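Visitor: model the following, please.
(2 chains)
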Amino acid sequence: MREPVPMMRMGDNVLVTLLGDLDDRTVEEIEQRVTVEVARTQARGALIDVSGLAVVDSFVARVIARLVAMIRLLGAEATIVGIQPAVAITLVELGVPMRHVHTALNAQQGMLRLRETQSHGVGHLD
Amino acid sequence: MVSATSTDESTVTIVKIDGESDLLRVRSALRGQAQQSGLGLTAATKLVTAGSELARNIFRYATGGEGVVTIEPTRDGGRSGVRAVFADHGPGIVDLDSAMRDGFSTAGSLGLGLPGSRRLVDEFDVDSVPGRGTTVVIVQWDR
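Guide: Model (predicted):
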């Protein structure tokens, strides 16, 4: 892998920042690393910031959707934040199914959303 | 591999595809040409995304994952645009009508590559001869 995935711990959550133009292999490596990190740190949520991605094609979108599903299987919540408007338009026209993916406009709103879900305590044993 | 030849007015960029990292080269060349041709951000993003899907098709399905992408500026009256040709000598597409439908995939993918990229660009032409190869031509205009 060319660059490390910027991951930051924020309380019970992990903040992941996707940046630049990612090739298929890098996206899959990020998927694995984030999943392992969520399990290792027993995070309750993951915030995945994609505002630094200028292009999200069907492959990258599919891996992101898969990552969300994996995080959920670990008992944590995931929210995708910062999808660029041009990327959102493109994804909808491309027809990538991302209905099960929670999104928020930016990291701040995404964090609020994670905290709301977590305060209801569904599926978590504290 | 990227090579560029410059004529009087237009620069043609040729990207040879024989590995996954060439996808990044195709995206970057398309983005560069989109900027030069004056495409807006949304039109450029759609073009780059469509190109990424089509380049991945070559990498995944063409014989030896090899093909050639040719990117050039184009004009039509007062419009300016980007024309890109994706050509391979792979197995070709036997059932082109099905391949152009959403969700049709022989490879366990989402099956959005061809129909999805067609929705993203202004012009889309696909020509495929089974056993000979596939050529897809896309054009995105600045307006």
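Visitor: so which bits of chain B are right by chain A?
Guide: B:20-21, B:23-24, B:27-28, B:31, B:41-42, B:44-46, B:48-49, B:52-53, B:56, B:102, B:109-110, B:112-113, B:115-117, B:119-120 (CB under 8 Å from any CB of the partner chain). The way it works is simple: take the backbone N, C-alpha and C, and place the C-beta from them, glycine included.
Visitor: repeat that with 7 Å
Guide: Applying CB under 7 Å from any CB of the partner chain, one finds that chain B approaches chain A through B:20-21, B:23-24, B:27-28, B:41-42, B:45-46, B:48-49, B:52-53, B:56, B:102, B:110, B:112-113, B:116, B:119-120.
Visitor: and the buried ones among the residues you listed, selectable in ChimeraX?
Guide: The following ChimeraX line selects those of the residues of chain B next to chain A that are buried, judged by 16 or more other CB atoms under 10 Å in any protein chain shown:
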select /B:20,23,24,27,28,42,45,46,48,49,52,53,56,110,112,113,116,119,120
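Visitor: the most centrally placed residue in chain B: helix or strand, and which one exactly?
Guide: With distances taken as CA atoms, centre = their mean, B:G51 lies nearest the centre of chain B, 4.0 Å away. Per DSSP states H and E, B:G51 falls inside helix B:41-61.
Visitor: pLDDT on that helix, on average?
Guide: Across helix B:41-61, pLDDT averages out at 94.
Visitor: direction included, what does the very next helix or strand once past it pair up with?
Guide: The first helix or strand that comes after helix B:41-61 along the chain, using DSSP H and E, is strand B:67-76. Strand B:67-76 pairs in its sheet with strand B:11-17 (antiparallel), strand B:79-88 (antiparallel), by DSSP bridges.
Visitor: give me the angle between strand B:67-76 and helix B:41-61.
Guide: 150 degrees (axes from the mean of the first three to the mean of the last three CA atoms, to 10 degrees).
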